[in-house]
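Asks: okay, structure incoming, though there's no sequence with it:
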């Protein structure tokens with residue numbers, strides 16, 4: 001397990017002291033415990049790792065109250081995704097192997113999650129434990145991969161959304177959610193620099209140009225890249241309680257952005273200014 005600020009703090013503090021310091025869960029019934037992250041061929045690192053660190057902080061501090069938490073990294077096949085942007089001459093990134101493929105998850109769902117054993121059938125997947133059941137929360141990051149052929153990812157979101165408790169998109173991950181039809185007749189937001197392209201998907205979607213994130217029912221959409229961290233803390237506050245969210249942020253020494261309706265990068269990039277969209281536009 002990689003060393004994080006959380007493991008350091010947990011090692012330094014007696015568990016009894018930690019339990020006294022942390023707040024209680026505002027919601028103790030039917031809290032989500034199975035989180036999934038959907039990979040495309042290329043993702044922006046913070047779109048995935050920012051929210052993942054927020055959820056990991058929650059798991060490390062509260063899973064004895066929520067019950068065991070599980071993270072699934074999901075991809076079309078066993079070929080690793082990458083954080084390297086799909087740009088000519090660009091070679092600066094890392095491989096991201098999935099823990100389970102889309103087909104494996106859907107086959108497991110068809111048997112009520114009794115068919116996934118101790119290891120995956122794909123040599124590059126690393127499923128170490130049995131899938132505990134259906135996904136509760138699915139995170140869809142953005143990045144250059146959303147501009148590729150993502151038909152399988154779109155179909156997966158369309159298929160699993162009805163069984164999810166929550167769906168969260170970061171940046172241009174919203175385009176996958178929109179193409180799956182989940183954003184139809186909803187309010188949403190997305191990356192401000194890629195606004196013209198990213199808002200071209202979905203039917204009757206009310207895209208909010210100045211929002212940092214938007215919650216519409218159980219669907220959360222966030223603005224560009226780093227906004228994924230902000231929507232994740234907002235999600236924690238809504239589901240687990242404001243004090244829990246703030247405590248996880250404080251442990252991470254992160255200053256939360258509290259205003260969902262205002263994104264300063266809307267002014268910086270001009271979400272309705274299509275001249276910002278060229279070959280180097282945000283992905």
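Replies: Received, thanks. Given the structure is predicted, the values throughout are model-derived calculations rather than measurements.

Asks: pLDDT of the stretch of helix or strand residue 107 belongs to, averaged?
Replies: Secondary structure from DSSP states H and E places residue 107 in helix 102-110. For helix 102-110, mean pLDDT rounds to 95.

Asks: give me the buried positions along that helix.
Replies: 102, 104-105, 108-109 (16 or more other CB atoms under 10 Å). Every residue, glycine included, has its C-beta placed from N, CA and C.

Asks: what packs against it?
Replies: Under the contact criterion of 3 or more CB pairs under 8 Å, 6 or more residues apart in numbering; DSSP states H and E, helix 102-110 touches strand 70-75, helix 151-160.

Asks: quick one: list the elements packing against the longest helix seen in the chain.
Replies: Secondary structure of the chain read by DSSP state H shows that its longest helix is helix 45-66. Secondary-structure packing of helix 45-66 (3+ CB pairs under 8 Å, 6+ apart): helix 5-12, strand 34-38, strand 70-75, strand 137-140, helix 227-239, helix 242-251.

Asks: looking at the ones you listed, which is closest to residue 164?
Replies: strand 137-140 (5.6 Å; CB to CB).

Asks: what is the closest one packed up against?
Replies: With contacts taken as 3+ CB pairs under 8 Å, 6+ apart, strand 137-140 sits against strand 34-38, helix 45-66, helix 151-160, strand 166-169, helix 173-179.

Asks: I'd like the ones you listed laid out as TSV, including mean pLDDT.
Replies: Formatted as TSV, those follow (pLDDT from 0 to 100):
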stretch	mean pLDDT
strand 34-38	98
helix 45-66	95
helix 151-160	98
strand 166-169	98
helix 173-179	98
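
Asks: and these, which is most packed in?
Replies: helix 173-179 (a mean of 27; mean count of other CB atoms under 10 Å).

Asks: helix or strand right after it?
Replies: Past helix 173-179, the next helix or strand by DSSP H and E is strand 187-188.

Asks: can you list the strands that that following strand pairs with?
Replies: strand 206-207 (parallel) (DSSP bridges).

Asks: okay, the closest residue to residue 58 other than its chain neighbours and residue 59: tell me how far apart.
Replies: Spatial nearest neighbour of residue 58, excluding adjacent residues (CB to CB, 6 or more residues apart in numbering): residue 248 at 5.5 Å. Plainly put, residue 248 is 10 Å away from residue 59 if you go by CB to CB, to the nearest Å.

Asks: again, but for residue 89
Replies: As judged by CB to CB, residue 89 and residue 59 stand 39 Å apart.

Asks: contacting residues around the closest residue to residue 109 other than its chain neighbours?
Replies: Counting by CB to CB, 6+ apart, residue 109 lies nearest to residue 134, which is 6.3 Å off, once chain neighbours are set aside. Contact analysis of residue 134 by CB atoms under 8 Å, 6 or more residues apart in numbering lists 34, 109, 113, 160, 163-164.

Asks: so which of these comes closest to residue 48?
Replies: residue 34 (16.9 Å).

Asks: the closest one bridge partners, please.
Replies: Going by DSSP bridges, residue 34 is paired in beta bridges with residue 70.
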